[in-house]
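> return atomic coordinates for the entry below.
(one chain, ligands or ions: 1)
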Amino acid sequence: MSAQQMEDSARALVAPGKGILAMDESLPTIKKRFDAISLESTEETRRAYRELLLTTPELEEFISGVILFDETLRQSTRDGTPFTSVLRDKGITAGIKVDAGAKPLAGHPGEKVTEGLDGLRERLAEYRDLGARFAKWRAVITIGDGIPSDACLEANAHALARYAGLCQEAGLVPIVEPEVLIDGDHGIERCFEATEATLRRVFDELYRQGVTLECTLLKASMVLSGKACPRQAGVQEVAEQTVRCLRRAVPGAVPGVVFLSGGQSAERATAHLNAMNAMDVAHPWPLGFSYARALQEPALKAWEGSDANLPGAQRALYHRAKLNSLARQGRYDEEMEKAAA
Ligand code: 13P
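A predicted model of the protein is given here:
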């Protein structure tokens, strides 16, 4: 894929009113999600769940791309249609999570670095052959006593930039995801500082590694109060601080910023996105969504692993995707939560 084609793909992923469904849970993470509905995680239950999500009627009205896990990219519907064909027929772009997870950073207790660069060139070539057109790599940054450290920011930014360079070499649009975690009792100010430092470091490394920003999407975490902080910032404050932080650190050449939900409730993630898009503050990139939990949770709960609940679960996913599409346009209202899913 040429640079122009990659840029067109990146822009299509953040087209007006559209967002990305992240359904790239690794084996340990999907097990955790299934544990919550008392369902065993097997290759077949994972396949059935992902089929439910991907075959949701009219999902393409609001979803431009989906991020898959290695296993999922290779799976098919019960009647034998490859998931990639289902997506192609809907005009939804297939993406793939390519990192190998966050591992403890040596010498830095409480901090992590994401692994997965070894053999990545070969894996990317295979993923492209299988139909993927974009990729995702997630770094995690923890806020705590004396952290994030400079070493942690550096190691993660470097890995993200190396990954992004390899993606573009392979003709895949890289989604660069440095997630500042919500865990901790810190106030929103500390989250702002850590997010700004993280983003500045990431874009510095992208520049050093020769990554083309026009062909890159940023997946960002919102600027929030720590989960255990006694003072929780309100919706408007989160929206203002997040946009202020992004304006400081994200170059205008980036075609779009999509948010992760990071442990916020589905409703809250939508309200925050809406407030940002409703605000009268100029920013050069569209602000969209690439949620996993905030899109999937209501559907997963409605499903409970039973075929009989499939239509209700698909309606729940459709409903969440629709509300987030409205939030992208600043047209969401809490009242819409009451509408039957
Ligand atoms: P959440 O929206 O559940 O945070 O997940 C997004 C994601 O892709 C994490 O890497």
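
> use CA for all of it now, contacts and neighbours both
Fine.

> so who does the residue in the stretch 1-150 of the chain that the ligand sits nearest to touch?
Distance from the ligand to each residue of the stretch 1-150 of the chain (C-alpha to the nearest ligand atom) is smallest for residue 22, at 5.0 Å. Taking C-alpha atoms under 8 Å, 6 or more residues apart in numbering, we find residue 22 in contact with 66-68, 290-292.

> so how far is stretch 289-303 from its chain's centroid?
12 Å (C-alpha atoms, centre = their mean, to the nearest Å).

> and the contacts of that stretch?
Under C-alpha under 8 Å, 6+ apart, the answer for stretch 289-303 is 19-23, 37, 219, 257-267, 269, 273, 309-310, 312-317, 320-321, 324, 328.

> and stretch 60-74, which residues are buried?
60-70, 72-73 (16 or more other C-alpha atoms under 10 Å).

> actually stretch 70-88, not the one I typed
Residues 70, 72-73, 75-77, 82-84, 86-87 are the ones in stretch 70-88 that count as buried (16+ other C-alpha under 10 Å).

> before we move on, what about stretch 129-138?
For stretch 129-138, by 16+ other C-alpha under 10 Å, it's 131-138.

> would JSON lines of those with pLDDT, distance to residue 146 and secondary structure be doable?
Shown next, in JSON lines, are the buried residues of stretch 129-138 (pLDDT from 0 to 100; distance: C-alpha to C-alpha, whole Å; DSSP: H, G, I helix; E, B strand; the rest coil):
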{"residue": "131", "pLDDT": "97", "distance to residue 146": "43", "secondary structure": "coil"}
{"residue": "132", "pLDDT": "98", "distance to residue 146": "39", "secondary structure": "coil"}
{"residue": "133", "pLDDT": "98", "distance to residue 146": "39", "secondary structure": "coil"}
{"residue": "134", "pLDDT": "98", "distance to residue 146": "35", "secondary structure": "strand"}
{"residue": "135", "pLDDT": "98", "distance to residue 146": "32", "secondary structure": "strand"}
{"residue": "136", "pLDDT": "98", "distance to residue 146": "29", "secondary structure": "strand"}
{"residue": "137", "pLDDT": "99", "distance to residue 146": "25", "secondary structure": "strand"}
{"residue": "138", "pLDDT": "98", "distance to residue 146": "22", "secondary structure": "strand"}
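
> and the ligand, which of these contact it?
Among the buried residues of stretch 129-138, the residues lying close to the ligand (C-alpha under 6 Å from any ligand atom) are residue 138.

> related to what we said a few turns ago, among the buried residues of stretch 60-74, which two are most distant?
Across the buried residues of stretch 60-74, no pair lies farther apart than 61 and 70, at 25.3 Å, counting by C-alpha to C-alpha.

> phi, psi of the residue positioned nearest the centre of the chain?
Compute the mean C-alpha point of the chain, and by C-alpha atoms, centre = their mean the closest residue is residue 290, 3.9 Å away. Taking degrees, to the nearest 10, you get phi -140, psi 60 for the backbone angles of residue 290.

> for the spatially closest residue to it that is not a sequence neighbour, give me its contacts.
Closest residue to residue 290 apart from its sequence neighbours, by C-alpha to C-alpha, 6 or more residues apart in numbering: residue 20 at 4.4 Å. Going by C-alpha under 8 Å, 6+ apart, residue 20 touches 13, 63-67, 289-291.

> closest to residue 278 among those?
Out of the contacts of residue 20, the member with the shortest distance to residue 278 (by C-alpha to C-alpha) is residue 289, at 14.9 Å.

> just to revisit the earlier point, partners of the helix or strand containing the residue nearest to residue 290 in the sheet?
When elements are assigned from DSSP states H and E, residue 20 belongs to strand 19-23. Note on strand 19-23: by DSSP bridges, its sheet partners are strand 63-68 (parallel).

> what lies in contact with the strand it pairs with?
Defining contact as C-alpha under 8 Å, 6+ apart, one finds that strand 63-68 is touched by 12-15, 18-25, 91-97, 135-136, 321.

> equivalent analysis for stretch 328-338, please.
16-18, 267, 270-271, 273-278, 287-289, 323-324, 326.

> name the residues of it that are buried.
Applying a neighbour-count criterion of 16+ other C-alpha under 10 Å, one finds 328-330, 332 buried in stretch 328-338.

> now stretch 304-311
Residues of stretch 304-311 classed as buried by neighbour count (16+ other C-alpha under 10 Å): 304-305, 310.

> of those residues, which are in range of the ligand?
Contacts with the ligand are made by none of these, judged by C-alpha under 6 Å from any ligand atom.

> from those residues, which land in helices?
Among the buried residues of stretch 304-311, DSSP state H puts residue 310 in helices.
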